[in-house]
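>>> Would you be able to build a 3D model of this:
(one chain, ligands or ions: 1)
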Amino acid sequence: MAQSDSNKMWGGRFTAQPDQLLETINASIGFDQRLADQDIRGSQAHANMLAAVGLLTAEDARAIIDGLERIKEEIAAGEFVFSTALEDIHMNVEARLKELIGEPAGRLHTARSRNDQVATDFRLWVRDAIDTLDAQLQALITVLLDQAEAGADMVMPGFTHLQSAQPVTWGHHMMAYVEMFARDRSRFRDARARLNESPLGAAALAGTSFTIDRDRTAAALGFDRPAANSLDAVSDRDFALEFLSAAAICATHLSRFAEELVVWSSAQFRFVKLSDAFTTGSSIMPQKRNPDAAELVRGKSGRVFGALTTLLTVMKGLPLTYSKDMQEDKEPLFDAADTLEICLAATTGMVSDMAPNPEALRAAAGVGFATATDLADWLVCALNMPFRDAHHVVGSLVREAEMRGVELEALPLEAMQAVEPRITAEVFEVLSVDKSVASRTSYGGTAPSQVRAQIARWRTALQREGES
Ligand code: ARG
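As a prediction, this is how the structure comes out:
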């Protein structure tokens, strides 16, 4: 792939070779080769359009499009030799095209610049990444729905401050994550809708004097419309920032869930058993079953947050329009996308394999006076007591139970009546965790009936999606 003289596309103006250090700091081919597919799609659309408006003969356009197709195959087959001297994916592809088809290759860059080219490629790449993540999030939601359905009646402790708060169900807890991951999906979709404008034809920054058809290239690449301002089109990366913001939020959700799995799978909690496939043993402690996958999902969130911070920092001081700083947009974003992809896959695997432990969950649900609120509510309803007074009475009963070392359910009626004489034996009805959970029938509450209604709602929504 040797090129003569100064070895660059701008050889006409330059007489000397770049310093080796410049080549090293400047080259992006090491990572932007991941844009090869998008780059070729963009170039083919551009060539087609140039021919359609008469800026390229049909013959030259054919040669270019076929040559690019062949390059795509070479890259897919691992036969393409990427050259650092050729700096980036755009010039690597174009140089190879010249080798393959000769003169017409030089006509491809008419009415275009690498600035609109890279902005186009990168938008296409992020769009593809969003589509992959969307399908992965859907898969995760599906296994969470399965877990929720199987455990719709399974009582477990609900926490605030990681202190026993009120009993909830396993199904309800799983469904909380369904809501989170569904919002993540919708955030990615929102970002996709806004990014779907074509920069192609903005050229270097000012547009072009050639009579190009930007609607045509936009449509050919699946964009909704051409970007309306050429300066903006080549110089903003807000679409990448939106992607990274959505990715960071999703990584936060994954990390919180992973943290729960780490805690829940410990010998002290025993709420859940993770499968062999997603845990490791210890080389020294035979009893160990380490939740490595969950820990890594938790830990890898940092990389995604870092990517967002990196790109925000790269962009914040740049004058319009393009600056080479912007080449630093790709590595963090690629890494964030790869990271999220593996984290979603691992989480989906863990969730579909994991087995909640109903006995441990139930035992823990009743610990820590978890039905104290139910007792207070009963005093309000049965004795028409103001809630604040009821709260006070139950506080005294909890103290009494604590002194005796029992849960509220095990407190004798006489002990309760010593605090509030109007309490009757009916109170025991509300002190069981099942009764407590079943009573939370307000919309979105933890009652199994509510949880099942939510599961059904989500299943229908997913099914509709599959049909459309
Ligand atoms: N490799 C470059 C990047 O990623 C392509 C655009 C180069 N544009 C330029 N004016 N040097 O940003």
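>>> Find the residue closest to Arg114 in space, skipping its chain neighbours.
His90 (5.0 Å; CB to CB, 6 or more residues apart in numbering). Placement of C-beta: from N, CA and C, glycine included.
>>> Show me what the helix or strand hosting the one you found is packed against.
Assigned by DSSP states H and E, His90 belongs to helix 89-101. Other helices and strands packing on helix 89-101, by 3 or more CB pairs under 8 Å, 6 or more residues apart in numbering; DSSP states H and E, are helix 29-32, helix 36-52, helix 58-76, helix 114-150.
>>> who in this protein is up against the ligand?
Proximity of the chain to the ligand, by CB under 6 Å from any ligand atom, involves residues 28, 32, 88, 114-115, 118, 322, 324, 326-327.
>>> Format the residues you listed as a markdown table; extra columns: pLDDT, distance to Pro226 and neighbour count.
Conversion of the residues of the chain next to the ligand to a markdown table gives the following (pLDDT from 0 to 100; distance: CB to CB, whole Å; neighbours: other CB atoms under 10 Å):
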| residue | pLDDT | distance to Pro226 | neighbour count |
| --- | --- | --- | --- |
| Ser28 | 97 | 25 | 19 |
| Asp32 | 98 | 23 | 26 |
| Asp88 | 98 | 23 | 25 |
| Arg114 | 98 | 18 | 20 |
| Asn115 | 98 | 15 | 20 |
| Val118 | 98 | 16 | 26 |
| Tyr322 | 98 | 18 | 20 |
| Lys324 | 98 | 25 | 10 |
| Met326 | 98 | 20 | 22 |
| Gln327 | 98 | 24 | 18 |
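>>> quick one, helices of the stretch 351-468 of the chain?
In the stretch 351-468 of the chain, the helices defined using DSSP state H, counting those that start in this stretch lie at 358-365, 372-383, 387-404, 413-419, 433-439, 448-467.
>>> Count the residues that sit near the nearest residue in space to Lys288 that is not next to it in sequence.
With sequence-adjacent residues excluded and distances taken as CB to CB, 6+ apart, Lys288 is closest to Ser282, at 3.7 Å. A count of nearby residues for Ser282, using other CB atoms under 10 Å, gives 10.
>>> In three-state terms, label Ser282 for me.
coil (DSSP: H, G, I helix; E, B strand; the rest coil).
>>> Look up how far the ligand lies from it.
45 Å (CB to the nearest ligand atom, to the nearest Å).
>>> again, but for Gly42
Distance from Gly42 to the ligand, by CB to the nearest ligand atom: 12 Å.
>>> rewinding a little: could the helices of the stretch 351-468 of the chain go into a markdown table alongside mean pLDDT and mean neighbour count?
Listed next are the helices of the stretch 351-468 of the chain as a markdown table, based on pLDDT from 0 to 100; neighbours: other CB atoms under 10 Å:
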| stretch | mean pLDDT | mean neighbour count |
| --- | --- | --- |
| helix 358-365 | 96 | 18 |
| helix 372-383 | 94 | 19 |
| helix 387-404 | 96 | 16 |
| helix 413-419 | 95 | 15 |
| helix 433-439 | 93 | 21 |
| helix 448-467 | 96 | 14 |
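>>> Out of those helices, flag the one nearest Val53.
Set against Val53 and scored by CB to CB, these come closest in helix 448-467, at 38.9 Å.
>>> export the helices and strands packed on helix 89-101 to TSV and tack on distance to Gly395?
Below are the helices and strands packed on helix 89-101 laid out as TSV (distance: least, CB to CB, whole Å):
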stretch	distance to Gly395
helix 29-32	61
helix 36-52	64
helix 58-76	70
helix 114-150	34
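>>> what would the helices of the stretch 351-468 of the chain look like in CSV with distance to Glu149?
Output for the helices of the stretch 351-468 of the chain, formatted as CSV (distance: least, CB to CB, whole Å):
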stretch, distance to Glu149
helix 358-365, 14
helix 372-383, 26
helix 387-404, 34
helix 413-419, 38
helix 433-439, 16
helix 448-467, 5
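>>> wait, what's in contact with the closest residue to the ligand within the stretch 351-468 of the chain?
Here the stretch 351-468 of the chain gets closest to the ligand at one residue, Glu465, 35.1 Å apart by CB to the nearest ligand atom. Counting by CB atoms under 8 Å, 6 or more residues apart in numbering, Glu465 touches Gln138.
>>> how far away is the closest residue to Val118 other than its chain neighbours from Ala135?
The spatial neighbour of Val118 that comes closest, neighbours along the chain excluded (CB to CB, 6+ apart), is His90 at 6.7 Å. Here the distance between His90 and Ala135 works out to 29 Å (CB to CB, to the nearest Å).
>>> quick one: which of these two has more around it?
Between His90 and Ala135, counting by other CB under 10 Å, His90 is the more crowded of the two (25 against 12).
>>> residue contacts, that one?
Counting by CB under 8 Å, 6+ apart, His90 has contacts 39, 114, 117-118, 121.
>>> and with 10 Å instead?
9, 28-29, 32, 35-36, 39, 42-43, 109, 112-114, 117-118, 121 (CB atoms under 10 Å, 6 or more residues apart in numbering).
>>> likewise Arg107?
Arg107 touches 47, 50, 55-57, 60-61, 63-64, counting by CB under 10 Å, 6+ apart.
>>> so which of those comes closest to Thr339?
Among the contacts of Arg107, and counting by CB to CB, the member closest to Thr339 is Ala47, at 35.3 Å.
>>> Report how many residues lie close to the spatially closest residue to the closest one that is not a sequence neighbour.
Using CB to CB, 6+ apart and skipping the chain neighbours, the partner closest in space to Ala47 is Ile64 (4.4 Å). The local packing of Ile64 (other CB under 10 Å) involves 25 other residues.
>>> Next, work out how far apart Ile64 and Asp213 are.
17 Å.
>>> wait, what's in contact with the residue nearest to Lys288?
Contacts of Ser282 by CB under 10 Å, 6+ apart are 288-290.
>>> Just give me the least confident of those.
Confidence by pLDDT is poorest for Lys288 among the contacts of Ser282, given 79.
>>> Enumerate the positions of the host helix or strand of Leu340 that are buried.
Using DSSP H and E, the element containing Leu340 is helix 330-353. Using 16 or more other CB atoms under 10 Å as the test for burial, helix 330-353 gives 330-337, 339-340, 343-344, 346-352.
>>> Show the low-confidence segments of the stretch 1-150 of the chain, by residue range.
1-8 (pLDDT under 70).
>>> Name the residue of the stretch 251-400 of the chain that lies nearest to the ligand.
For the stretch 251-400 of the chain, the residue closest to the ligand is Gln327, as judged by CB to the nearest ligand atom, at 3.7 Å.
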